[in-house]
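3D model of this:
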Amino acid sequence: MRYFRQLKQDLDPAPFLNELAKIEGVWSEQTGRQDAVSVQREALAIPLRGMVKSAQGDRPRRDVHETRWTSGAQRLARFQEFLKQIAAEEDAVVGRAKIVCLPAGRQVYPHKDRGEYYKVRNRYHFVLKSRLGSWLKAGDEEVRMQEGELWWFDNKAVHEAKNDADEERIHLIFDLLPRHLETEVLRRSRKAKAASLKA
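Modelled structure (predicted):
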(Lines give C-alpha, C1' and ligand atoms only; values in the text may rest on other atoms or scores of the structure.)
Protein backbone atom coordinates (compact mmCIF):
# COMPACT_ATOMS: atom_id res chain seq x y z
CA MET A 1 0.00 0.00 0.00
CA ARG A 2 1.16 3.51 -0.77
CA TYR A 3 -0.81 5.57 1.75
CA PHE A 4 -0.94 3.27 4.78
CA ARG A 5 1.56 1.14 6.69
CA GLN A 6 0.89 -0.85 9.86
CA LEU A 7 3.79 -0.54 12.30
CA LYS A 8 2.61 -2.43 15.39
CA GLN A 9 -0.22 -4.63 16.53
CA ASP A 10 -1.33 -6.23 19.80
CA LEU A 11 -0.58 -3.11 21.84
CA ASP A 12 -2.77 -2.93 24.95
CA PRO A 13 -5.17 0.05 24.88
CA ALA A 14 -6.60 -0.64 28.36
CA PRO A 15 -4.07 1.35 30.43
CA PHE A 16 -4.55 4.38 28.16
CA LEU A 17 -8.34 4.18 28.31
CA ASN A 18 -8.20 3.74 32.09
CA GLU A 19 -6.08 6.86 32.43
CA LEU A 20 -8.56 8.82 30.31
CA ALA A 21 -11.54 7.53 32.29
CA LYS A 22 -10.14 8.98 35.53
CA ILE A 23 -10.53 12.56 34.26
CA GLU A 24 -14.12 13.73 34.57
CA GLY A 25 -15.39 15.80 31.66
CA VAL A 26 -12.12 15.49 29.74
CA TRP A 27 -13.78 15.51 26.30
CA SER A 28 -15.58 18.81 26.86
CA GLU A 29 -12.63 20.83 28.17
CA GLN A 30 -11.30 21.90 24.75
CA THR A 31 -13.53 22.39 21.71
CA GLY A 32 -11.26 24.46 19.51
CA ARG A 33 -10.66 21.74 16.95
CA GLN A 34 -14.32 21.04 16.20
CA ASP A 35 -15.22 24.74 16.45
CA ALA A 36 -12.50 26.02 14.10
CA VAL A 37 -11.86 23.19 11.64
CA SER A 38 -15.00 22.43 9.63
CA VAL A 39 -13.90 19.00 8.37
CA GLN A 40 -13.29 17.96 12.02
CA ARG A 41 -16.56 19.39 13.40
CA GLU A 42 -18.01 15.99 14.39
CA ALA A 43 -14.94 14.82 16.34
CA LEU A 44 -13.96 15.52 19.94
CA ALA A 45 -10.31 16.08 20.82
CA ILE A 46 -7.96 16.29 23.78
CA PRO A 47 -4.79 18.16 22.74
CA LEU A 48 -1.57 16.73 24.19
CA ARG A 49 0.91 18.78 22.17
CA GLY A 50 0.08 21.94 20.30
CA MET A 51 1.55 24.87 18.45
CA VAL A 52 3.69 27.35 20.36
CA LYS A 53 1.63 30.53 19.93
CA SER A 54 4.57 32.84 20.55
CA ALA A 55 6.30 31.31 17.51
CA GLN A 56 3.43 32.06 15.13
CA GLY A 57 3.93 35.70 14.21
CA ASP A 58 1.60 36.51 11.32
CA ARG A 59 1.81 33.03 9.80
CA PRO A 60 -1.01 30.49 9.44
CA ARG A 61 -0.99 27.72 12.07
CA ARG A 62 -0.18 25.16 9.36
CA ASP A 63 3.21 26.83 8.78
CA VAL A 64 4.39 26.91 12.42
CA HIS A 65 6.77 24.10 13.45
CA GLU A 66 7.33 24.73 17.16
CA THR A 67 5.24 22.57 19.52
CA ARG A 68 4.85 22.14 23.28
CA TRP A 69 3.08 19.87 25.76
CA THR A 70 -0.31 21.23 26.78
CA SER A 71 -1.22 21.76 30.42
CA GLY A 72 -3.77 18.95 30.13
CA ALA A 73 -1.08 16.50 29.00
CA GLN A 74 0.38 16.55 32.52
CA ARG A 75 -2.58 14.41 33.66
CA LEU A 76 -1.94 11.87 30.91
CA ALA A 77 1.55 10.60 31.67
CA ARG A 78 1.04 7.25 29.94
CA PHE A 79 0.28 9.00 26.66
CA GLN A 80 3.37 11.19 27.02
CA GLU A 81 5.55 8.16 27.67
CA PHE A 82 4.14 6.36 24.64
CA LEU A 83 4.76 9.32 22.33
CA LYS A 84 8.34 9.65 23.54
CA GLN A 85 8.90 5.92 23.09
CA ILE A 86 7.63 5.84 19.51
CA ALA A 87 9.61 8.98 18.67
CA ALA A 88 12.78 7.32 19.97
CA GLU A 89 12.06 4.16 17.96
CA GLU A 90 11.50 6.22 14.79
CA ASP A 91 14.49 8.52 15.49
CA ALA A 92 12.14 11.47 15.41
CA VAL A 93 10.84 14.45 17.38
CA VAL A 94 7.25 14.56 18.66
CA GLY A 95 5.12 17.25 17.02
CA ARG A 96 1.44 17.96 17.53
CA ALA A 97 -0.56 15.21 19.22
CA LYS A 98 -4.16 14.72 20.28
CA ILE A 99 -6.55 12.05 21.47
CA VAL A 100 -9.57 12.03 19.18
CA CYS A 101 -13.02 10.59 19.79
CA LEU A 102 -15.31 10.08 16.80
CA PRO A 103 -18.81 9.39 18.14
CA ALA A 104 -21.06 6.70 16.63
CA GLY A 105 -22.24 7.57 13.14
CA ARG A 106 -19.97 10.61 12.80
CA GLN A 107 -17.22 11.33 10.31
CA VAL A 108 -14.16 13.38 9.46
CA TYR A 109 -14.79 14.92 6.06
CA PRO A 110 -12.40 14.58 3.08
CA HIS A 111 -9.40 16.90 3.27
CA LYS A 112 -5.63 16.98 3.02
CA ASP A 113 -3.23 18.53 5.50
CA ARG A 114 -1.36 21.38 3.83
CA GLY A 115 1.36 23.72 4.99
CA GLU A 116 5.01 23.79 5.98
CA TYR A 117 4.37 21.96 9.27
CA TYR A 118 2.77 18.91 7.63
CA LYS A 119 5.11 18.82 4.63
CA VAL A 120 8.04 17.50 6.68
CA ARG A 121 6.23 15.31 9.23
CA ASN A 122 4.77 11.82 9.35
CA ARG A 123 1.29 11.15 10.75
CA TYR A 124 0.47 8.19 13.03
CA HIS A 125 -2.71 6.66 14.47
CA PHE A 126 -2.80 4.42 17.56
CA VAL A 127 -6.25 2.80 17.78
CA LEU A 128 -7.44 2.72 21.39
CA LYS A 129 -11.11 1.86 20.95
CA SER A 130 -12.99 0.73 17.84
CA ARG A 131 -15.44 -2.13 18.09
CA LEU A 132 -15.79 -2.75 14.34
CA GLY A 133 -12.38 -1.43 13.37
CA SER A 134 -11.71 2.12 12.22
CA TRP A 135 -12.40 2.86 8.56
CA LEU A 136 -10.05 5.37 6.95
CA LYS A 137 -9.45 6.29 3.34
CA ALA A 138 -6.42 8.08 1.87
CA GLY A 139 -5.99 8.59 -1.84
CA ASP A 140 -7.59 5.54 -3.46
CA GLU A 141 -6.84 3.16 -0.58
CA GLU A 142 -9.07 2.10 2.33
CA VAL A 143 -8.15 0.32 5.55
CA ARG A 144 -9.92 -0.79 8.71
CA MET A 145 -7.56 -0.28 11.64
CA GLN A 146 -8.10 -2.50 14.66
CA GLU A 147 -7.77 -1.84 18.38
CA GLY A 148 -4.18 -2.07 19.57
CA GLU A 149 -2.67 -1.25 16.17
CA LEU A 150 -0.29 1.59 15.33
CA TRP A 151 -0.37 2.91 11.77
CA TRP A 152 1.48 5.45 9.66
CA PHE A 153 -0.56 7.05 6.92
CA ASP A 154 -0.10 9.80 4.36
CA ASN A 155 -2.17 12.75 5.56
CA LYS A 156 -0.85 14.85 2.68
CA ALA A 157 -3.18 12.87 0.41
CA VAL A 158 -6.94 13.52 0.52
CA HIS A 159 -8.24 11.47 3.44
CA GLU A 160 -11.40 10.88 5.46
CA ALA A 161 -12.74 8.73 8.29
CA LYS A 162 -16.14 7.38 9.30
CA ASN A 163 -17.37 5.63 12.42
CA ASP A 164 -19.94 3.11 11.25
CA ALA A 165 -20.22 1.46 14.68
CA ASP A 166 -22.86 2.12 17.33
CA GLU A 167 -20.32 3.35 19.88
CA GLU A 168 -17.48 5.85 19.97
CA ARG A 169 -14.04 5.19 18.59
CA ILE A 170 -10.88 6.67 20.09
CA HIS A 171 -7.47 7.20 18.48
CA LEU A 172 -4.21 8.79 19.58
CA ILE A 173 -3.16 10.85 16.53
CA PHE A 174 0.31 12.39 16.36
CA ASP A 175 3.03 13.73 14.10
CA LEU A 176 6.74 12.96 14.11
CA LEU A 177 9.52 15.00 12.53
CA PRO A 178 12.55 12.94 11.42
CA ARG A 179 15.34 13.98 13.78
CA HIS A 180 17.83 14.74 11.01
CA LEU A 181 15.50 17.54 9.81
CA GLU A 182 14.96 19.21 13.20
CA THR A 183 17.73 21.84 13.20
CA GLU A 184 17.09 23.05 9.66
CA VAL A 185 13.29 23.05 10.03
CA LEU A 186 13.39 25.15 13.20
CA ARG A 187 15.95 27.54 11.69
CA ARG A 188 13.68 28.11 8.69
CA SER A 189 10.66 28.51 10.98
CA ARG A 190 12.32 31.24 13.05
CA LYS A 191 13.39 33.01 9.86
CA ALA A 192 9.84 32.81 8.44
CA LYS A 193 8.36 34.22 11.66
CA ALA A 194 10.75 37.19 11.56
CA ALA A 195 9.87 37.85 7.92
CA SER A 196 6.12 37.69 8.66
CA LEU A 197 6.46 40.30 11.40
CA LYS A 198 8.36 42.69 9.11
CA ALA A 199 5.79 42.44 6.31
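
I'd say Tyr3 and Gly139 touch.
Yes - if you go by Cβ atoms under 8 Å, Tyr3 and Gly139 touch, sitting 4.7 Å apart. Yep, even glycine has a C-beta here, placed from its N, CA and C like the rest.

With neighbour numbers in mind, choose between these two.
Counting neighbours by other Cβ atoms under 10 Å for Tyr3 and for Gly139 shows that Tyr3 has the greater number, 20 against 16.

Quick one: residues contacting the residue lying closest to the more buried one once chain neighbours are set aside.
Excluding the flanking residues, the one nearest Tyr3 by Cβ to Cβ, 6 or more residues apart in numbering is Ala138, at 3.8 Å. Ala138 is in contact with Tyr3, Phe4, Phe153, Asp154, Asn155, Ala157, Val158, His159, counting by Cβ atoms under 8 Å, 6 or more residues apart in numbering.

Which members of those residues are positioned in strands?
The strands, defined by DSSP state E, take in Phe4, Phe153, His159 from the contacts of Ala138.

Generate a markdown table for those residues, with pLDDT and distance to Leu44 as supplementary columns.
A markdown table is the format used below for the ones in strands among the contacts of Ala138 (pLDDT from 0 to 100; distance: Cβ to Cβ, whole Å):
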| residue | pLDDT | distance to Leu44 |
| --- | --- | --- |
| Phe4 | 98 | 24 |
| Phe153 | 96 | 21 |
| His159 | 98 | 19 |
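
Closest to Leu76 out of those?
Checking the ones in strands among the contacts of Ala138 against Leu76 with Cβ to Cβ, the nearest one is Phe153 at 23.1 Å.

Excluding sequence neighbours, find me the nearest residue to the closest one.
Phe4 (4.8 Å).

is it true that that neighbour touches Asn155?
No - using Cβ under 8 Å, Phe4 is not in contact with Asn155; the gap is 10.8 Å.

so which two of the contacts of Ala138 are the farthest from each other?
Maximum pairwise distance among the contacts of Ala138 (Cβ to Cβ): 13.7 Å, between Phe4 and Val158.
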